[in-house]
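**Q** Provided below are the primary sequence and the corresponding predicted coordinates.
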Amino acid sequence: MAGISGLSSVALRSLSTIQVQNLSTSQIGALSSYQVASLSSDQLGALTDPQLSAISSVAIAGLDIAAVANRIGTLQPTQFAGLGSAQIGALSSDAVDALTTGQMAALSPSGIAGLVTATIVSLGTDIAAFTSGQLKALGSGQVAALSTAVVTALSTAQIGAMSYCGMLGFTTDQIAALSTSQIGGLTTTQFLALGTTGIAAMSSAQIGALSSAQVSGLSPAQVAALSTGQIAALNADAVGLGVAQIADLSTADVASLSTAAFNALTTPSIQALSTAQIAAVSTAQLAMTRAHQLAAYTSTQLFAMTSP
């Protein structure tokens, strides 16, 4: 059977289990994914461990995982790299839990995407060992299944690697569990994925850790969802508040801005304040106003200022 790589799927399926067991590891390694996929459950079950390990990393894509589920630990890390989402999804939580560190690290983004939520829960903090590429492959349902213990165990870089789709799954409990360092590592795209509910769930300490880029990346709806307490937590990074965002601040929000945050507003943002918002500006905020900001006020805004 030296030319086994040339056999058709029909010819391969005609081999007895004894004949399959007599194939050398070299012959097994020469099979294509199409040929491996054509093997019956009985034939796959008849493969010895060395034969199973000999399937190439390319041909492994055709393997019927269910037929060898009890021997999945026999596969080499390079073979795991070739497993797709459907194959990984067919594994039980116990089978995935039993994988070695090397096997888990070898899972491709496609394989990671196949992990069912029950398996995600079962893995627990072991997920902290995932690479940034693997975490990026997690979908919203998978991310939602992460416990707060797992979320806190992830590094800033790992959190920052998650996709927009994945971040859509973040729950309010998970968001509340993020450290200020993890919050600081989020991209503007990830912030948008958190929506209004996610932003509203942030603590004052988390809001205070936002950079100007992150603040400017918030949608007007997210800014409107911030409480006065959260608005008050913004520091000089409030310079990120743009014209469209200013419009969504209530008068109470404007009044709650710290002097540092108020003084960080740009000229366009100052000029975007409505007369009602201007009337809510405190004397403390005005007292610390910079010269260029004072010069930015329109005559209508100046008229709207109330007397102390």
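**A** Structure received.
**Q** buried residues, the helix or strand of the chain with the lowest mean pLDDT. List them.
**A** For the chain, using mean pLDDT, DSSP states H and E, the weakest element among its helices and strands is helix 291-294, scoring a mean of 82. For helix 291-294, burial by neighbour count (16 or more other CB atoms under 10 Å) applies to Gln293. (C-beta placed from N, C-alpha, C; glycine too.)
**Q** tell me the mean pLDDT over stretch 248-255?
**A** In this model, stretch 248-255 has an average pLDDT of 92.
**Q** quick one: buried residues of that stretch?
**A** Applying a neighbour-count criterion of 16+ other CB under 10 Å, one finds Asp248, Leu249, Asp253, Val254, Ala255 buried in stretch 248-255.
**Q** list the contacts of the second one.
**A** Going back to what we said before, that points to Leu249. Neighbouring residues of Leu249 by CB atoms under 8 Å, 6 or more residues apart in numbering: Val223, Ala224, Ile231, Leu241, Gln277.
**Q** one step back: narrow the buried residues of stretch 248-255 to those in helices?
**A** Asp253, Val254, Ala255 (DSSP state H).
**Q** let me know the closest of the residues you listed to Leu23.
**A** Asp253 (72.8 Å; CB to CB).
**Q** taking the mean pLDDT, what do you get for stretch 212-223?
**A** For stretch 212-223, mean pLDDT rounds to 91.
**Q** okay, now the unreliable bits of the stretch 51-200 of the chain?
**A** Across the stretch 51-200 of the chain, not a single residue meets the criterion (pLDDT under 70).
**Q** which ones are touching Leu241?
**A** Shown in contact with Leu241 (CB under 8 Å, 6+ apart): Val215, Ser216, Val223, Leu234, Leu249, Leu265, Ser269.
**Q** would you mark the buried spots in the longest helix anywhere in the chain?
**A** Using DSSP H to define each element, the chain has its longest helix at helix 188-200. For helix 188-200, the neighbour count (16+ other CB under 10 Å) marks Gln190, Phe191, Leu192, Ala193, Leu194, Gly195, Gly198, Ile199, Ala200 as buried.
**Q** now it, how far from the centre of its chain.
**A** 12 Å (CA atoms, centre = their mean, to the nearest Å).
**Q** could you name the helices and strands sitting against the next helix or strand after it?
**A** As assigned by DSSP states H and E, the chain's next helix or strand after helix 188-200 is helix 204-208. When contacts are defined as 3 or more CB pairs under 8 Å, 6 or more residues apart in numbering; DSSP states H and E, helix 204-208 packs onto helix 180-184, helix 228-233.
**Q** one step back: pull the helix or strand following the least confident helix or strand of the chain out as CSV, backbone CA atoms only.
**A** Downstream of helix 291-294, the first helix or strand assigned by DSSP H and E is helix 299-304. Output in CSV follows, covering the C-alpha atoms of helix 299-304 (Å, rounded to 0.1, in the frame of the first residue of the first chain):
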residue,chain,number,x,y,z
SER,A,299,-22.0,87.1,23.6
THR,A,300,-25.1,84.9,24.0
GLN,A,301,-23.3,82.6,26.4
LEU,A,302,-21.9,85.5,28.4
PHE,A,303,-25.4,86.9,28.7
ALA,A,304,-26.6,83.6,30.0
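**Q** helices or strands up against helix 299-304?
**A** helix 275-279.
**Q** ranking the contacts of Leu249 by neighbours, who comes first?
**A** Leu241 (25 neighbours; other CB atoms under 10 Å).
**Q** state the distance from that one to Ile175.
**A** 21 Å (CB to CB, to the nearest Å).
**Q** what's the answer for Gly240, then?
**A** Between Gly240 and Ile175 the distance is 19 Å, computed by CB to CB.
**Q** before we move on, what about Ala287?
**A** For Ala287 relative to Ile175 (CB to CB), the value is 36 Å.
**Q** how about Leu192?
**A** In terms of CB to CB, Leu192 sits 14 Å off from Ile175.
**Q** and Gly195, what does it touch?
**A** Contacts of Gly195 by CB under 8 Å, 6+ apart are Leu168, Gln222.
**Q** likewise Ala149?
**A** Counting by CB under 8 Å, 6+ apart, Ala149 has contacts Gly124, Thr125.
**Q** that one and Gly124: what is the separation?
**A** Counting by CB to CB, the gap from Ala149 to Gly124 is 7 Å.
**Q** verify the contact between Thr189 and Tyr164 for me.
**A** Yes: with contacts counted by CB atoms under 8 Å, Thr189 reaches Tyr164, the gap being 5.4 Å.
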